[in-house]
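Colleague: predicted model, plus sequence, below.
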Amino acid sequence: MPARLPHLSPSAVRSELAASLAQLRADLELPAEFPADVLAEAEAVVASGVAVDGSDEARVDLRHLEFHTIDPEGSRDLDQALAIARDGSGWIVHYAIADLAAFVKPGGALDAETRRRGQTLFAPDGSVALHPEVLSHGAASLLPEQDRRAYVWRFVLDAEGVQHDPAQPPVRAWVRSRRQWTYVGAQAAIDDGTAPEPIALLAEVGPVLVAQESARGGASLNSPEEEIVETGDGGYDLRARVTLPIENWNAQVSLMTGMAAAAIMLRRGAGILRTLPPAEPEKIAEFRRRVGVIGRPWAEDMPYGEYLRRVDLADPSAPAIMQAASGLFRGADYDAFDSAAGVPLPEDPVQAAIGAEYAHTTAPLRRLVDRFVLAMCTGAPAWAREALPELAEAMRRSGSLASRLEGGAVDRVEAAVLASRVGEEFDAAVVSTHKGGSRIQIADPFVTATIADDRAPGSAIRVRLTAVDIAKGEVSFVAP
């Protein structure tokens, strides 16, 4: 059990948290600065102005299309840009994805370093980037009013969101984004009618793609996220972050692209998929039982995804429902295949939560595998095909590291936020029960914890904070 801390000043709490986060980085052996040869290689290719694979000679000029990016506040690593236009009763969606293959020399120092890192890692005291900033915040990022190399996908959708000629490969092109939007700003512009058409039409395309997801049996978990935010005085706070509608709409375009990429690679007979096995019947039965106990029964004739979409996030029972739902789909993985090399498809290539075959495709600045998926969709060059066997393990390794970093950071920030409140009582909701007790969710501050108390999920409970340990990221509550 964590020891009760003496009263600490805000500056002392910030200092102790900084030391704890630094120790977490050391314990996890996170990559530090990029090696000198990696930085030199990245800077040299940018300075040359020439794509390392020579693709510029055949690159299509699509700078006339009015692309826009939509990202969280402060983002500089802009992977995707969107341009939507009407097409009769439907739409044409152009989706540009940053072309990292134009900057990363196969077999070079940068290629080796990105394979070691796997993905960008995010922490309160600074991210650990997959690529040097000269690329991720510069020449490879789809920043506004800059000519940029990109893979451009073109989707022709009818009024119901069904694709004409689906799974067509992207083209490598020059693009030019007109504006960098935040999610909040883009949502506000759509709501008040001031958004330009290439962004405004996302409010039409997004919902029909959600309907397509429902029709194929997919489900999106849009539960509140525990978000760490900077307070402006060098400290951090925690809050519940509920996604805006535009984030879900934008995610649907990304999912559509990932499904198209998977279809192309399956047709080619080589690639790497993001897979997730379907929920086992006993897990389905357990979820149905649990939401029934909570008092929010799931009708026998209602699809799983539809039930989740109808959950009111303002309902006090919502955290318990979403916690129960998160246990339905476990075992996400990366599966490489290459029929010519005798590496077969996985037994079940479907990503069950999406309801289709799927590949990570749209975040090459922040995730290693996407660079290779995009290459496999546009010619399957030898350097990409040869890397398939090691990609899955690289992504598993970095994914595990990212999960441990996120969990450890949240635990430490929770302890710091609560450091001055030992002895206080809080209203909480029980989200799950297990052998060690009950998992609870406190609304303000938005903190999760475990107590040695057996209460039914969905129950309201009053708890008292008895101790914190910032260094270990531990908090202790009891039910009075």
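Modeller: Perfect, thanks for sending it.

Colleague: is I272 in a helix, a strand, or coil?
Modeller: strand (DSSP: H, G, I helix; E, B strand; the rest coil).

Colleague: so it bridges to which residues?
Modeller: The bridge-partner assignment for I272, based on DSSP bridges, gives A336.

Colleague: might you report the residue contacts of it?
Modeller: Contact criterion Cβ atoms under 8 Å, 6 or more residues apart in numbering gives 265, 334-337, 359, 369, 372-373, 376, 388, 391-392 as the residues in contact with I272. (C-beta placed from N, C-alpha, C; glycine too.)

Colleague: for L391, see how far away it is.
Modeller: Here the distance between I272 and L391 works out to 5 Å (Cβ to Cβ, to the nearest Å).

Colleague: next, show the common contact partners of the two.
Modeller: Common contacts of I272 and L391 (Cβ under 8 Å, 6+ apart): Y334, A336, V369, F372.

Colleague: so which of those is the most crowded?
Modeller: Scoring those on neighbours with other Cβ atoms under 10 Å, the highest-scoring entry is F372 at 27 neighbours.

Colleague: which pLDDT value goes with that one?
Modeller: Turning to F372, the model gives it a pLDDT of 98.

Colleague: so it makes contact with L391?
Modeller: Yes: using Cβ atoms under 8 Å, F372 makes contact with L391 at a distance of 5.9 Å.

Colleague: quick one, what contacts A140?
Modeller: Going by Cβ under 8 Å, 6+ apart, the list of residues near A140 reads A98, D99, L100, A102, F103, H131, R148, R149, L365.

Colleague: most surrounded residue in those residues?
Modeller: By neighbour count, taken as other Cβ under 10 Å, the most surrounded of those turns out to be A98 (32 neighbours).

Colleague: who does that residue bridge with?
Modeller: A150.

Colleague: from D427, how far out is it?
Modeller: Summarising the geometry, the distance separating A98 from D427, computed by Cβ to Cβ, is 45 Å.

Colleague: for A26, same thing?
Modeller: A26 sits at a distance of 37 Å from D427 (criterion: Cβ to Cβ).

Colleague: ok, these two, which is more surrounded?
Modeller: Relative neighbour count places D427 above the other of A26 and D427, with 13 against 9, counting by other Cβ under 10 Å.

Colleague: phi, psi of the more buried one?
Modeller: Note on D427: its backbone torsions stand at phi -80, psi 140 [degrees, to the nearest 10].

Colleague: would you map the helices across the protein?
Modeller: Secondary structure of the chain by DSSP state H: the helices cover 10-28, 36-48, 109-117, 133-134, 183-192, 197-200, 202-215, 245-268, 281-294, 304-309, 318-326, 368-377, 382-417.

Colleague: P349: which of the ones you listed is closest?
Modeller: Between P349 and the helices of the chain, the shortest separation by Cβ to Cβ is 7.3 Å, and it involves helix 245-268.

Colleague: which other helices and strands contact the closest one?
Modeller: strand 80-87, strand 90-98, strand 147-157, helix 183-192, helix 202-215, strand 270-275, strand 356-357, helix 368-377 (3 or more Cβ pairs under 8 Å, 6 or more residues apart in numbering; DSSP states H and E).

Colleague: which one, of these, ends up nearest to I284?
Modeller: By Cβ to Cβ (comparing all of these), the closest turns out to be helix 202-215, at 17.4 Å.

Colleague: how about that closest one, which residues are buried there?
Modeller: By neighbour count with 16 or more other Cβ atoms under 10 Å, helix 202-215 contains the buried residues L202, A203, E204, V205, G206, V208, L209, V210, Q212, E213, S214.

Colleague: that one vs helix 245-268, what angle?
Modeller: 60 degrees (axes from the mean of the first three to the mean of the last three Cα atoms, to 10 degrees).

Colleague: quick check: angle from helix 202-215 to helix 183-192?
Modeller: Between the axes of helix 202-215 and helix 183-192, defined by the same axes, to 10 degrees, the angle is 100 degrees.

Colleague: and the angle for helix 202-215 with strand 80-87?
Modeller: Computed by the same axes, to 10 degrees, the angle between helix 202-215 and strand 80-87 is 90 degrees.

Colleague: pull the distance from helix 202-215 to the chain's centre.
Modeller: Computed by Cα atoms, centre = their mean, to the nearest Å, the separation of helix 202-215 from the middle of its chain amounts to 19 Å.

Colleague: which residues are in contact with that helix?
Modeller: The set of residues external to helix 202-215 that reach it, using Cβ under 8 Å, 6+ apart, is 82, 84, 91, 93, 157, 159-162, 186, 190, 219-220, 245-246, 248-250, 252-253, 255-256, 303, 305-306, 309, 354-355.
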